[in-house]
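**Student:** Dropping a prediction and its sequence here:
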Amino acid sequence: MREFLLYCTDCRQYTALGRFVENEGHFEGEYSLLHNRRANHDELLCRFLIRHARHPLRMEENRTKTYADVLRTAERFMESDIDDFVERQADRDVNRERERALERNLGQLQLNVLSGLLAQEAESISRVKADHAAKAQFLLGKEEGLKLAAKLLDELSQKTNALFR
C-alpha cells in the first residue's frame, strides 16, 4: 500500500498523509496511537501547508530510503496535537451520524403523518352524502384515490424504514 508524507526541507518538518482514498478524494491523514485510528480529514495537512507557505516541499512515498530518512531525522508537524485532532474528528463523525439518524426519523415521521392525514381525509369523504349519482361517483373516486395514496405512503415508509435498520 502506497503511503505518503509531505516534507519541508527548510524547517525539517513533515506531516504524514497516509494513503490516498480515491473514492473519497482525500488522504487518510495522521495516525493517532492513542485512538488507534487515522484522522481521515485534511485539517493537519492544511495547517502544514499554511505554516510552510513559500517553503520548498517534497512528497515522499513509503518504502523508499528518503521516506525512512525523513521519519528518522525530521520533526513531525504538530505531533503533540494529533490526538486532539483525531478525537475532534471522531466526535464530528458521531455528531454527523446522529444528525443523519435524526433527519431519517423526522422524514419517517413526516411520511406517517401525511399517510394518516390522507386516511383521515378519505374517511371524512366516505361520510359525505351525495345528492345525485355523478357526485357519488366523484366522491367515491376521490376516496379511493386518497386510500391508494395513503397505502403507497405506508409502503414507502416501510421500505425506507427497513433500509436504515
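**Tutor:** That came in fine, so what should we check first?
**Student:** Next up, identify which helix or strand Gln108 is on.
**Tutor:** Applying DSSP states H and E as the criterion places Gln108 in helix 82-126.
**Student:** For that helix, name the packing helices and strands.
**Tutor:** strand 31-32, strand 37-38, helix 43-51, helix 133-163 (3 or more CB pairs under 8 Å, 6 or more residues apart in numbering; DSSP states H and E). Yep, even glycine has a C-beta here, placed from its N, CA and C like the rest.
**Student:** Now do that helix, average pLDDT.
**Tutor:** For helix 82-126, the mean pLDDT works out to 93.
**Student:** excluding its backbone neighbours, what's nearest Leu114?
**Tutor:** Using CB to CB, 6 or more residues apart in numbering and skipping the chain neighbours, the partner closest in space to Leu114 is Leu153 (5.9 Å).
**Student:** What residues does that neighbour make contact with?
**Tutor:** Neighbour list for Leu153: 111, 114-115, 118 [criterion: CB atoms under 8 Å, 6 or more residues apart in numbering].
**Student:** and those residues, which two are the farthest apart?
**Tutor:** Leu111 and Leu118 (10.7 Å; CB to CB).
**Student:** Neighbour count: the two, which is higher?
**Tutor:** For Leu111 versus Leu118, neighbours defined as other CB atoms under 10 Å are more numerous around Leu118 (20 against 17).
**Student:** Quick one: residues contacting the more buried one.
**Tutor:** Residues 146-147, 149-150, 153 are the ones in contact with Leu118 under the rule CB under 8 Å, 6+ apart.
**Student:** Just the closest of the residues you listed to Ser32, please.
**Tutor:** Nearest to Ser32 among the contacts of Leu118 is Leu153, at 45.9 Å by CB to CB.
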